Structure formats: C-alpha cells, structure tokens
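Undergrad: Prediction below, plus the sequence it came from.
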Amino acid sequence: MPLDDTRYLKGGPVAARIIAEVRAAAEKAREEGFPPKLVSITVGDVDAVDVYVRNQRAKAGKAGIDFEERRLPAETTAGELEAAIHGMNADPRVTGIIIQRPVPVHIPIKAIQAAIHPLKDVEGMHPASIGNIVYNQLDLAPCTAAASVELLKETGMDLKGLEVVVVGHSEIVGKPIAFLLMSEGATVTVCHHMTRSVAAHARRADALFVAVGKPRLIKADMVKPGAAVIDIGINSETLPDGSTRIVGDVDTDSVKEVASWITPVPGGVGPVTVSILLRNTMVALNRQRALYEATYGTSNRIAAE
Ligand SMILES: NC(=O)C1=CN([C@@H]2O[C@H](COP(=O)(O)OP(=O)(O)OC[C@H]3O[C@@H](n4cnc5c(N)ncnc54)[C@H](OP(=O)(O)O)[C@@H]3O)[C@@H](O)[C@H]2O)C=CC1
Ligand SMILES: Nc1nc(=O)c2c([nH]1)NC[C@@H]1CN(c3ccc(C(=O)N[C@@H](CCC(=O)O)C(=O)O)cc3)C=[N+]21
C-alpha cells in the first residue's frame, strides 16, 4: 500500500504544525529578551539516542531554539553529571535540559531526573512534574506520550469513553500515555509482560498504543477491525544483506489491512515527539519568565543583565 493511503497516520504534518507554532512563540520570546535554549545531555554512546538528538538539533534550528549538545563519556560519575546539571539549573541562559535515556547502569536515572530543576524539566520527568498529569494539568507532559495522544486526536475519534489499550508501562512512555488518556475521558487498560493475554485485551481496543521494543509483537489477529493503532516502538533491524532499518512494534503490513488508522515507523510518532520537546521548551520558558517577572519586576532579562 502506498504511504499516501489515508490509513497511515503520518507524523510529519502534525510535527510541522507544532514547529510552526513554536517558531512564532520562540521569535517573540527572543525579541522580548528571553532567547530559548535547549541543552541535551548524552552519557556514553547509544544508537537510538543519536537519531533522536540529530532530529532535535535539526528541528530546534527550524523552530528558532538554540540547541547545545553535551556528550559526556560513559565513565562519567553520577556526581559529575549532577554537578553539570546544577550548573545548568543556575545558568539563566539555559531554558530546558533533557537527559537522553538510557544512561549507563552506574548512574541512577531517577536521582538524575530529580536533579533537573522542575522549571527546566522539558520532558516532565521530575517527580514533581510527572505528578501534574495525575492532577489533569497536561500542558507539559513526557514528549513521546504527548506525541502519541496527539496522533490519536488526529483521527477525530472522540476520546470520551473510548476503549483504549496501552501495551507497555514504562515511566517515560506507557504510564504517562495512560494518565493523559484518562484525563481525556478514555477507559484505559494497561498491559505489560505479566499480562496473561495481551491479545485478548488488545482485540477489544478502539485505540491500541504499543510501546514495548519488540518488532512485530502486534499481529493482525490482535487488532479489532477499524481500530486506530499507535506504534511507538523504534527498533533497529539488520537485514540479510547487512543493511539496517527502523521498524516499530507492530506488524504493519498485516495490521494495516485490519486497522482504520496506523502510525508508520519511521515517520509516525518519532517526528511528533521531537516537536513536542520543542513545544515543552517554550512552556518551560514561559514559566521561568513568569517567575522572573514576579521576582525582578522587569519583562526583559537581557536588558536587565
Ligand atoms: N517514538 C519515540 O519517540 C520513542 C520510542 N521509544 C520506543 O518505544 C519502545 C518502548 O520504549 P520504553 O517504554 O522506553 O521501553 P522499556 O523497555 O522501558 O519498557 C518496555 C515495556 O514493555 C513491557 N513489555 C515487555 N515485554 C512485553 C510483552 N511481551 N508484552 C507486553 N508488554 C511487554 C515491559 O513490561 P515490564 O516492565 O513489566 O517488563 C515495559 O513496561 C522502544 O522500542 C523504544 O525505542 C521510546 C521512547 C521514545
Ligand atoms: N530522555 C529520553 N526521552 C526520549 O523520548 C527518548 C530518549 N531519552 N532516548 C531515546 C528514545 C528514542 N526516541 C526517539 C524519538 C524520535 C525519533 C525520531 O525522530 N524518529 C524519526 C526519524 C527516524 C530516522 O531519521 O531514521 C522517525 O521515527 O521517523 C527517534 C527516537 C526518543 N527517546
């Protein structure tokens, strides 16, 4: 099936729309003395992170957000990483900080996420930030989760009372998706590796979200006819000729014959995730700005310095 078939829920147009909005907001903030700047921190070398960071840099450029990449060696200690974060927390020029996951096993990711000041936490992963989505305050949510829900909304489906199944319950993807959807009025079932029959749950879903990290986990017989399928998986697969390609968690070729809507991989959730990260950077900027103005009584930081 050609990629222009309406059953493909493509991320490109949604991402472009969000980036255009971010660009307008970023230009205005810059003119008003608050230039937005996002800092990405990577510890060690991970292929999946390389793709993400490359796209962050490219799209930040399009959106008019300054982007700085800090690559730290794999042997960086937790103390050194925390010290680097504290420096950025205190630097008024840094708007947002993202720690690319995974980090090496000797670094406690939860403590590191908690080291980022909540006002600079552009992924919404600080324990104080993630609680907001439990309280239905949804303007800054973990990027992949927000991107996945944004794509479901593109179908025009009414989320109120919708039967939704989420496969995968990680802190960064599956759990926040479930909270965002509950806030929108959906009835949410969350499956994980101990779920007795993922297939039995998945077959009941009007919308199926999959974030596991296993190629072709979801086959056509696990999908309700007419459902929307949001494939969040990003897996690198090596073909017999030695080349590599990216595939999701859904067996797209068979599932597209059953589903009404399916997100392609690549070209689905990924590009929208990047655009939400940039949108979150502007949400963070506006919160810092409100604090700055309340504290110093001026609306132009650069002029005040
Ligand atoms: N598009 C994007 O922007 C992003 C994509 N990703 C991709 O999404 C996927 C998931 O990422 P992430 O959430 O970080 O991964 P994790 O490995 O943290 O979580 C995977 C989840 O899947 C569950 N699981 C494992 N096996 C099964 C199974 N057989 N049936 C049902 N559930 C299972 C695990 O359950 P349990 O904990 O109980 O074992 C866990 O909750 C990956 O492919 C990743 O690359 C991730 C981030 C962003
Ligand atoms: N703290 C943290 N948050 C994350 O959200 C996070 C992370 N760490 N570590 C890595 C994973 C992976 N991830 C991707 C996001 C977008 C694309 C993306 O833009 N993909 C495009 C392009 C693919 C390509 O260029 O080949 C696509 O799917 O079409 C990829 C991967 C976010 N992750």
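TA: Structure received. Ligands and ions are numbered 1, 2, ... in the order given.
Undergrad: Any idea how many residues pack against the residue lying closest to E75 once chain neighbours are set aside?
TA: Residue nearest to E75 in three dimensions, not counting chain neighbours: P104, with 8.0 Å by CB to CB, 6 or more residues apart in numbering. C-beta here means a position set from N, CA and C on the backbone, and glycine is covered the same way. Neighbour count for P104, taken as other CB atoms under 10 Å: 16.
Undergrad: Does V258 touch V223 like I think?
TA: Yes: proximity of V258 to V223 meets the contact threshold set by CB atoms under 8 Å, at 4.8 Å.
Undergrad: List the residues that contact the residue of the stretch 201-305 of the chain found nearest ligand 2.
TA: Scanning the stretch 201-305 of the chain for proximity to ligand 2 using CB to the nearest ligand atom identifies G270 as nearest, at 2.4 Å. G270 is in contact with 11, 51-52, 55, 234, counting by CB atoms under 8 Å, 6 or more residues apart in numbering.
Undergrad: please redo it, this time with the cut-off set to 10 Å
TA: For G270, the contact set (CB atoms under 10 Å, 6 or more residues apart in numbering) comprises 11, 15, 51-52, 55, 144, 147, 232, 234, 246, 248, 263-264.
Undergrad: next one: N280
TA: 22, 38, 96, 98, 121-124, 129, 139-143, 146.
Undergrad: count of residues packed around L291?
TA: Based on other CB under 10 Å, the number of other residues close to L291 is 11.
Undergrad: For it, which non-adjacent residue is closest in space?
TA: L119 (6.8 Å).
Undergrad: For that neighbour, give me the pLDDT.
TA: Note on L119: pLDDT of 97.
Undergrad: tell me the phi and psi of the residue of the stretch 51-200 of the chain found nearest ligand 1?
TA: Closest residue of the stretch 51-200 of the chain to ligand 1, CB to the nearest ligand atom: S170 (3.1 Å). The phi/psi pair for S170 (degrees, to the nearest 10) reads phi -70, psi 160.
Undergrad: Also V247?
TA: phi -130, psi 160.
Undergrad: hang on, it packs against G267?
TA: No: counting by CB atoms under 10 Å, V247 stays clear of G267, with 11.9 Å between them.
Undergrad: what does the protein put close to ligand 1?
TA: 48, 144, 167-170, 172-174, 191-195, 198, 211-213, 232-235, 269-270, 273 (CB under 6 Å from any ligand atom).
Undergrad: so the residue nearest to L291, which of the three states?
TA: helix (DSSP: H, G, I helix; E, B strand; the rest coil).
Undergrad: distance of it from V39?
TA: L119 sits 14 Å away from V39, going by CB to CB, to the nearest Å.
Undergrad: Mind checking which of the two has more residues around it?
TA: Using other CB under 10 Å, the more surrounded residue of L119 and V39 is V39, with 22 against 17.
Undergrad: Name every sheet partner of the helix or strand containing that one and say whether each one runs parallel or antiparallel.
TA: For V39, the host element (DSSP states H and E) is strand 37-43. When pairs are called by DSSP bridges, strand 37-43 turns out to pair with strand 66-72 (parallel), strand 96-99 (parallel).
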